[in-house]
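Novice: next comes the sequence, and after it the predicted model I'd like to discuss.
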Number of protein chains: 2
Amino acid sequence: MTDTVLSSATREVAIGFGRPFVMIGERINPTGRKLLAEEMKAGDFSRVEADAIAQVEAGAQMLDVNAGIPLADEPALLARAIELVQSVVDVPLAIDSSIIEALEAGIAVYQGKPLVNSVTGEDEVLERVLPLVAGAGAAVVAISNDDTGISEDPDVRFEVAKKIVQRAADHGIPAADVVVDPLVMPIGAMGTAGQQVFALVRRLREELKVNTTCGASNVSFGLPNRHAVTGTFLAMSISHGMTSAIMNPMHAEVKSAIQAADVLAGADTDCATWIREHRDPDAGGGARERRGGRRRRAG
Amino acid sequence: MTDTVLSSATREVAIGFGRPFVMIGERINPTGRKLLAEEMKAGDFSRVEADAIAQVEAGAQMLDVNAGIPLADEPALLARAIELVQSVVDVPLAIDSSIIEALEAGIAVYQGKPLVNSVTGEDEVLERVLPLVAGAGAAVVAISNDDTGISEDPDVRFEVAKKIVQRAADHGIPAADVVVDPLVMPIGAMGTAGQQVFALVRRLREELKVNTTCGASNVSFGLPNRHAVTGTFLAMSISHGMTSAIMNPMHAEVKSAIQAADVLAGADTDCATWIREHRDPDAGGGARERRGGRRRRAG
């Protein structure tokens, strides 16, 4: 059992093997959201607060907060966003930036134990981000690419993840506080993208014994009915050991696939969550069909 | 690559690794369908014909035909059903009965290479069914339970499957013509049912190199919104190597999960089938969300 425990001032969430999958809301991210970017830049965080509340109401156990806006003071914006989000919801946050100063500013104002998003296998990044993470007693998302870029070979990506876990240990950060992102490519552009992630997640869990996360919606980029593809991808990934994802909890189809996957992975004890959230008239009809199935063969 | 090739008089279907998942329609089965049972017993096969056509139109690449009606002449009914089904659809069939004489009668009238459903690991059953299968040059569904019943231990079920494959070989039936059913229990009754199947399917594929099938709807027995659970279960199973299932192709939700799983398992070249069947206005919206996701990290 590997548990990555994150916290806000008042609440703890554990990402771990055998536990329900942790949905990390991705919506608070101005990348590609022009209106949100303009509002944040102008100091209007009302949409950030609304997105925080809506995602938690939709079931997100954590939220990712990103303030990456070109030509803006990202450190100040990220710190402000984190303060405001923590003032309206009590879930732990992922502090998301590719700029070290922004991570620093976010960590400085954060109440609890955050998930720092992210560090890569690039030596310069490792040496700047890991001390920050260690100093804050935080956990970190480790993205399995390095100076050589992103390999299509899952074994190479595994070695990068292994290197990050080892470097983290050198800084006193336990493997349980390193959540590896195997990197999810659009399946429409790379037909092996799914199989790569499934194989990598299994090795990360069995050999490195680390928790995993990913930017899930990316897998369905460019495809029609993409939420069905994203939800199915997450369910398949969960069956290979993925324990969290940065995704949009507002899509009922994706959330339902995750909840069903928790049931089938044995992480929803007595199917309690599924039954509570999905109880409906179909349950009766279900019994009829079941007898029409092959259950008798098991008798 | 292990291909199990089945045929009708005019059409071949291959169940195999890396190929699109094969949906075997389960509807033609009087078990638990009182009206259908009464009609078949009275010699009225109109519903059988309608179910055959509807399932193939819904995308079933094969159909399972069962005529198990208490106190009826099952051999005669099964033979008649198979003749009629082959007269209205051209997909290969699974001849489904637990009564040897019925399998014999079905095989006698069948045109092509059928999937005989099924043989268990029980010695008496093996010695009666395998010669039939070998004599007909057919393929067979091997159910991984034996005289000791159904073990909850996937390793025991694996050994039963291995024994059946070996016995089949003794009768001249190649492993490629043995499709193993790992046995799917209701997840609501056994929380480990999913994990058992995933682990077993992986071993069956990696070590025995056989194709697999299952009675999928059984997994969601008794649960609300059961089609979502069944579809998610099949998607997860596909990611571990399951290559076919006896299921209801009329449920769009289950079919969609299978199609998405084919995409993510790399079995839908260029996502051609998915794009053809799911092209819709959401695709555009998808692009926006993707930019809001973590794609940039991969850049």
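Specialist: On my side now, so go ahead.

Novice: residue boundaries of the helices in chain A?
Specialist: With helices called from DSSP state H, chain A shows them at A:34-41, A:46-57, A:74-88, A:100-109, A:123-136, A:154-170, A:193-203, A:226-239, A:252-264, A:272-278, A:282-292, A:295-298.

Novice: now those helices as TSV including mean pLDDT, mean neighbour count and distance to chain B?
Specialist: Yep, even glycine has a C-beta here, placed from its N, CA and C like the rest. Shown next, in TSV, are the helices of chain A (pLDDT from 0 to 100; neighbours: other Cβ atoms under 10 Å in any protein chain shown; distance: least, Cβ to the nearest Cβ, whole Å):
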stretch	mean pLDDT	mean neighbour count	distance to chain B
helix A:34-41	96	16	9
helix A:46-57	98	18	11
helix A:74-88	98	20	14
helix A:100-109	98	20	14
helix A:123-136	97	17	12
helix A:154-170	95	19	12
helix A:193-203	96	22	4
helix A:226-239	98	29	4
helix A:252-264	97	25	4
helix A:272-278	96	16	4
helix A:282-292	40	16	3
helix A:295-298	40	17	5
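
Novice: for B:Met190, find the nearest of those helices.
Specialist: Proximity to B:Met190 (Cβ to Cβ) singles out helix A:295-298 among the helices of chain A, at 10.5 Å.

Novice: residue of the stretch 1-150 of chain A nearest chain B, please.
Specialist: Using Cβ to the nearest Cβ, A:Gly32 is the residue of the stretch 1-150 of chain A that sits closest to chain B, at 2.9 Å.

Novice: what sits closest to A:Val56 if chain neighbours are left out?
Specialist: Nearest residue to A:Val56, sequence neighbours excluded (Cβ to Cβ, 6 or more residues apart in numbering or on different chains): A:Val89, at 4.7 Å.

Novice: list the residues that contact the one you found.
Specialist: By Cβ atoms under 8 Å, 6 or more residues apart in numbering or on different chains, the contact set of A:Val89 is A:Ala52, A:Ile53, A:Val56, A:Leu63.

Novice: in the sheet, who's paired with the last one?
Specialist: So the one you mean is A:Leu63. When bridges are called by DSSP bridges, A:Leu63 pairs up with A:Gly25, A:Leu93.

Novice: tell me how far it lies from A:Val56.
Specialist: Separation of A:Leu63 from A:Val56 (Cβ to Cβ, to the nearest Å): 7 Å.

Novice: now do the same for the residue nearest to A:Ile28 when sequence neighbours are not counted: its pLDDT.
Specialist: Excluding the flanking residues, the one nearest A:Ile28 by Cβ to Cβ, 6+ apart is A:Val65, at 4.9 Å. Per-residue pLDDT puts A:Val65 at 98.

Novice: enumerate every residue touching A:Val65.
Specialist: So A:Val65 contacts A:Ile28, A:Asn29, A:Val48, A:Leu78, A:Ala81, A:Ile82, A:Val85, A:Leu93, A:Ala94, A:Ile95, A:Asp96, A:Gly106 (Cβ under 8 Å, 6+ apart).

Novice: check A:Asp170 too.
Specialist: So, once contact is read as Cβ under 8 Å, 6+ apart, A:Asp170 ends up touching A:Leu130.

Novice: now A:Leu63
Specialist: A:Ile24, A:Gly25, A:Arg27, A:Ile28, A:Ala52, A:Gln55, A:Val56, A:Val85, A:Val89, A:Val91, A:Leu93, A:Ala94.

Novice: okay, now the residue lying closest to A:Gly266 once chain neighbours are set aside: neighbour count?
Specialist: Excluding the flanking residues, the one nearest A:Gly266 by Cβ to Cβ, 6+ apart is B:Gly191, at 4.6 Å. Other residues near B:Gly191 come to 18 when the count uses other Cβ atoms under 10 Å in any protein chain shown.

Novice: so what's B:Gly191 up against?
Specialist: A:Gly266, A:Thr269, A:Asp270, A:Cys271.

Novice: shouldn't the first one be in contact with A:Gly18?
Specialist: When you say that, I think you mean A:Gly266. Yes - at 7.2 Å, A:Gly266 counts as touching A:Gly18 under the criterion of Cβ atoms under 8 Å.

Novice: which residue is the nearest non-sequential neighbour of A:Arg128?
Specialist: Distance criterion Cβ to Cβ, 6+ apart; nearest residue to A:Arg128, sequence neighbours excluded, is A:Ile100 at 5.1 Å.
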